[in-house]
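Trainee: The amino acid sequence is not available; the structure is as follows:
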């Protein structure tokens, strides 16, 4: 495998017998997952997705991606939560956070419908002026407020610019295969559609049509991405903690959680990982945070955040642990130049590769934080490419599922997400919410 778990920096916080004690729980969690007898058993399609995906649809995704590449300057991807985070994470990780400003032969890709902001929407509309546009709207139902508003706006923009017939060839819909408002509308309008799988929740859907279309438009090899995930699905099939780094990560997280380490900080040393962190935070936050339990997922990009959050991690409340992702080979290097005057006193670094400085900063930081009482889990990643990222995506998805079962929660539902929506609909005057509207307005008034 291209991913290795290094647990030497948690060895002073976890005793050997604790792994023995949690092993039976891990084995049981694995059995529930594999036999589909655990909570959320109807949402386990992601487990075998890297191999058991719809090959015909996959080919259509690749074909549509080429069509989009050849017909537009800008692709607008409309979706919220898992409908956009995975795709954006993969594009920025493998291409660049500056993807849209770099010279390339693929369209710019912008994400809309993931917030409620007039500023954001107006800026995006301004960017689209004078450019050829395609849209990929992603929604299981088509009625989720944020993406529905964005799709209303961009559909009107395309129809005004190209006419209804022209717009039809530029709108791609990823939605339920048979039901829902968006599916019905897409069929009536003749849009090309792709499927949000019934048995794959949004935060686990990056390797489905939800994520793959825009990822392919960016020029990323989605076949290699799937192959890496498939390799991981085989490699992590044995529940033995001494043979399965993915399950060992889940076990370590839960052992530390039971010792009062209730916050996990995901740390990377590359800015291209920032959106990957956001995907990871949704994956773990939405899967584990329920029933009054769960590890709070936070993230940092070092060394940048060593100058902001570093003090707290080093010397603040000892209720946290870190998971550090170390990518050995990013495919890039830079030799630090010599300054004849040595104004900054850094000539001792001259001739050294910047990656060496980064690696040393990571090593020094881990040692300092461990000395400060912060357990560090080190996930060593061999290189940056599609295959290895596919492995890493699956590693975190699978460990998340096992970790949720270890903490006796359903990792595949999100009952708390509906509370704000219900209140928002009532306050905005949605029909059927009149009584709740009056109740909430009275509470706000008082």
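Mentor: Right, received. Where do you want to start? On a predicted model such as this, the values are computed, not experimentally measured, just so you know. Numbering: from 1, shown residues only.
Trainee: Buried residues of the helix of greatest length in the chain, list them for me.
Mentor: Ranked by residue count, the top helix of the chain under DSSP state H comes out as helix 145-168. Residues 146-148, 150-151, 153-155, 157-159, 162, 167 are the ones in helix 145-168 that count as buried (16 or more other Cβ atoms under 10 Å). Using the backbone N, CA and C atoms, a C-beta is placed for each residue, glycine as well.
Trainee: In a markdown table: these, plus distance to residue 308.
Mentor: Putting the buried residues of helix 145-168 into a markdown table (distance: Cβ to Cβ, whole Å) gives the following:
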| residue | distance to residue 308 |
| --- | --- |
| 146 | 29 |
| 147 | 32 |
| 148 | 36 |
| 150 | 32 |
| 151 | 37 |
| 153 | 36 |
| 154 | 36 |
| 155 | 41 |
| 157 | 39 |
| 158 | 41 |
| 159 | 45 |
| 162 | 46 |
| 167 | 45 |
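Trainee: what separates residue 43 from residue 284, distance-wise?
Mentor: For residue 43, the distance to residue 284 (Cβ to Cβ, to the nearest Å) stands at 16 Å.
Trainee: who has more neighbours, these two?
Mentor: residue 284 (24 against 21; other Cβ atoms under 10 Å).
Trainee: Quick one: end-to-end length of stretch 237-252, please.
Mentor: 18 Å (Cα to Cα, to the nearest Å).
Trainee: In it, which residues are buried?
Mentor: Quick answer for stretch 237-252 (16+ other Cβ under 10 Å): 239, 241, 244, 245, 246, 247, 248, 249, 250, 251, 252.
Trainee: repeat for stretch 288-308
Mentor: Across stretch 288-308, burial judged by 16+ other Cβ under 10 Å covers 288, 289, 290, 294, 295, 297, 298, 299, 300, 301, 302, 306.
Trainee: Give me the distance between it and the centre of its chain.
Mentor: 14 Å (Cα atoms, centre = their mean, to the nearest Å).
Trainee: Could you shift the numbering so residue one becomes 478, and keep it that way?
Mentor: Yep, numbering from 478; the last one is stretch 765-785 now.
Trainee: And residue 661, what's its pLDDT?
Mentor: Note for residue 661: predicted pLDDT of 96.
Trainee: Tell me how many other residues crowd residue 844.
Mentor: Neighbour tally, residue 844, other Cβ under 10 Å: 12.
Trainee: list the helices and strands the helix or strand hosting residue 832 packs on?
Mentor: Following DSSP states H and E, the helix or strand that holds residue 832 is helix 831-848. On a contact count with 3 or more Cβ pairs under 8 Å, 6 or more residues apart in numbering; DSSP states H and E, helix 831-848 meets helix 787-792, strand 797-806, strand 853-860.
Trainee: What mean pLDDT does it get?
Mentor: Mean predicted confidence for helix 831-848 is 97.
Trainee: Check which residues of it are buried.
Mentor: Neighbour counts over helix 831-848 (16+ other Cβ under 10 Å) mark 832, 835, 839, 842, 843, 846, 847 as buried.
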